[in-house]
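**Student:** Quick one: sequence and predicted model below, then my questions.
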Amino acid sequence: MKIAFIKQKQVAFGGGEGYVCRLMKGCAERGHDVYLITASWTEDGFDFPVTVHTVSINRWSRRTKLFSFSKSVQQCVESEGFDCVFSLERTESQQIWRAGEGVHKVWLEHRAEFEPSWKTWFNAHNSGHRAYFEMEERCVRSTPHIIANSSMVKGYLERVYPELESEISVIHNGCDLSEFSVGERENDRKEVCRTHTLDETRPIIIFPGSGWVRKGLDPALRVLCELSDATLLVIGRDKPEKWRKRAAYLGVVDRVIFIPPTNDIVRYYRAADVALLPTWSDPFSNISLEALACGTPLVTTEYNGGCEVVKPGENGFVAKNPADIESMVLGVKNLFTMRNDPHRAKRISESVSNCSLERNLIETLKVIEKATQR
């Protein structure tokens, strides 16, 4: 079977790029002919057979990028005669669309809850956002099979597009459970504490991820204000200086450590007592699975589709939204009381034992098979 995957470009540390590479490899290993349709892909090479079709794109504006890429993809699809086309972008020529970025209208709704009114007005009248609305609707209306990575996203699609005829399958993200595991938590905690001169007996909170505004670093800092003996490890790609100023204003700068993206993220997950992610909007944050798989409980919000793997009181806590500071503080404190339980980490890790990459691949392949039979 000839299966084509659509991904516009590669972004450093991109979750979408990692996902499509794993999916293409899984299809290749099962004997399918794999193709990638892209405008910009800078991988040095693949360790599996794949044919790359590089298409043109007009980068003059956000609108021209969206529409010219979709048109170029359409021309490629029509000329090649693929058996199945699987898109990770808002395009119009696929049998399957994975809504990995969620629903654009809902993303702006969530931003409006936390951003100043002038920015909300600007977003509502911005031509780029209007282009996203138009192309997303075209994508949704033209795709027979949609994969949502959370029930939350499926609900958003059904609300924004009430007459949607597409079949929506909910397939949670997968996690590499061989890499993200309980491991040697005590040794990793000692090493992290030694590296950053921390007291091992005091609570450690990890806030991982890039794009700290959207991930909810401001509410995370306000949660820290109510936890007098905890340290917050902020790990990811962003500009720390303005956040140091914010932490100083809140009086917690001496208990916040900013760490750039690291290959040792597993060690930091294991070292922490709680992972905190009060995100504004996340269709399904991979952080959710990674932290839990390492045995670290997660405190997040209902705006993160990853909350669907959280069992409150057992492996984490879910607040209504990022503004619910009081609930998040209570959740973190309750989880702190259980941090000395020697069996807790194993129980938490086992709670996501069914969330493997292989499981995600198998469920996705079922949708591909269904799409080709239709």
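**Tutor:** Yep, it's here. Numbering: from 1, shown residues only.

**Student:** Domain map for the protein?
**Tutor:** According to automatic domain parsing, the chain comprises the domains 2-174+357-373, 185-350.

**Student:** Can you list phi and psi of the closest residue to residue 77 other than its chain neighbours for me?
**Tutor:** Computed as CB to CB, 6 or more residues apart in numbering, the closest residue to residue 77 that is not its neighbour in sequence is residue 93, at 4.4 Å. All C-beta spots, glycine's among them, are computed from the backbone N, C-alpha and C. Main-chain torsions, residue 93, degrees, to the nearest 10: phi -120, psi 30.

**Student:** just residue 252 next, same as before
**Tutor:** Torsion angles, degrees, to the nearest 10, at residue 252: phi -120, psi 10.

**Student:** so where's the protein uncertain?
**Tutor:** For the chain, applying pLDDT under 70 flags the ranges 10-15, 43-44, 374.

**Student:** Tell me the spacing between the residue nearest the centre of it and residue 261.
**Tutor:** The chain has residue 285 as the residue nearest its centroid, 3.3 Å off, counting by CA atoms, centre = their mean. Residue 285 sits 16 Å away from residue 261, taking CB to CB, to the nearest Å as the criterion.

**Student:** And for residue 179?
**Tutor:** 16 Å.

**Student:** just how off-centre is the lengthiest helix in the chain within its chain?
**Tutor:** Longest helix in the chain, counting residues (DSSP state H): helix 62-80. Mean-position distance between helix 62-80 and its chain equals 26 Å (CA atoms, centre = their mean, to the nearest Å).

**Student:** Stretch 301-320 too?
**Tutor:** Distance of stretch 301-320 from its chain centroid, counting by CA atoms, centre = their mean, is 15 Å.

**Student:** Regarding that stretch, how distant is the last residue from the first?
**Tutor:** Its start and end residues considered, stretch 301-320 measures 6 Å (CA to CA, to the nearest Å).

**Student:** swap in stretch 265-284?
**Tutor:** 19 Å.

**Student:** Could you give the number of residues near the residue lying closest to the residue nearest to the centre of the chain once chain neighbours are set aside?
**Tutor:** Counting by CB to CB, 6+ apart, residue 285 lies nearest to residue 306, which is 4.5 Å off, once chain neighbours are set aside. By other CB atoms under 10 Å, 30 other residues sit near residue 306.

**Student:** now the helices for the stretch 251-374 of the chain?
**Tutor:** Ranges of helices within the stretch 251-374 of the chain are 265-271, 286-293, 325-336, 344-350, 357-373, based on DSSP state H, counting those that start in this stretch.

**Student:** After the strand or helix carrying residue 141, heading C-terminal, what element do we hit next?
**Tutor:** Assessed by DSSP states H and E, residue 141 sits inside helix 127-142. Counting by DSSP H and E, the next helix or strand C-terminal to helix 127-142 is strand 145-148.

**Student:** Adjacent strands (with direction) for that following strand?
**Tutor:** Sheet pairing of strand 145-148 (DSSP bridges) gives strand 96-98 (parallel), strand 167-170 (parallel).

**Student:** which other residues reach it?
**Tutor:** Contacts to strand 145-148, defined as CB atoms under 8 Å, 6 or more residues apart in numbering, come from residues 95-99, 140, 154, 157, 166-171, 283, 364, 367, 370-371, 374.

**Student:** about what we covered before: the residue nearest to the centre of the chain touches residue 278, doesn't it?
**Tutor:** No - applying CB atoms under 8 Å, one finds residue 285 not in contact with residue 278, separated by 11.1 Å.

**Student:** Common neighbours of these two, please.
**Tutor:** Joint contacts of residue 285 and residue 278 (CB under 8 Å, 6+ apart) are residue 300.

**Student:** ok so, going back, packed most tightly, which of the strands paired with strand 145-148 would that be?
**Tutor:** Stretch with highest mean neighbour count among the strands paired with strand 145-148: strand 96-98 (a mean of 26; mean count of other CB atoms under 10 Å).

**Student:** after it comes which helix or strand?
**Tutor:** helix 104-114.

**Student:** in that next one, what's buried?
**Tutor:** The neighbour-count check on helix 104-114 (16 or more other CB atoms under 10 Å) flags 104-108, 110-111, 114 as buried.

**Student:** how far out from the middle of the chain is that helix?
**Tutor:** Centre-to-centre, helix 104-114 and its host chain are 17 Å apart (CA atoms, centre = their mean).

**Student:** before we move on, what about stretch 116-123?
**Tutor:** With CA atoms, centre = their mean, you get 25 Å for stretch 116-123.

**Student:** which parts of that stretch are buried?
**Tutor:** Going by neighbour count (16+ other CB under 10 Å), the buried part of stretch 116-123 is 120, 123.

**Student:** just stretch 212-230 next, same as before
**Tutor:** Buried residues in stretch 212-230 (16+ other CB under 10 Å): 212, 214-224, 227, 230.

**Student:** any chance of those in CSV, plus distance to residue 338 and secondary structure?
**Tutor:** As requested, these are exported to CSV (distance: CB to CB, whole Å; DSSP: H, G, I helix; E, B strand; the rest coil):
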residue, distance to residue 338, secondary structure
212, 28, helix
214, 29, helix
215, 25, helix
216, 23, coil
217, 25, helix
218, 27, helix
219, 23, helix
220, 20, helix
221, 24, helix
222, 23, helix
223, 18, helix
224, 19, helix
227, 15, coil
230, 15, coil
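
**Student:** Having no further points to raise, I will conclude here.
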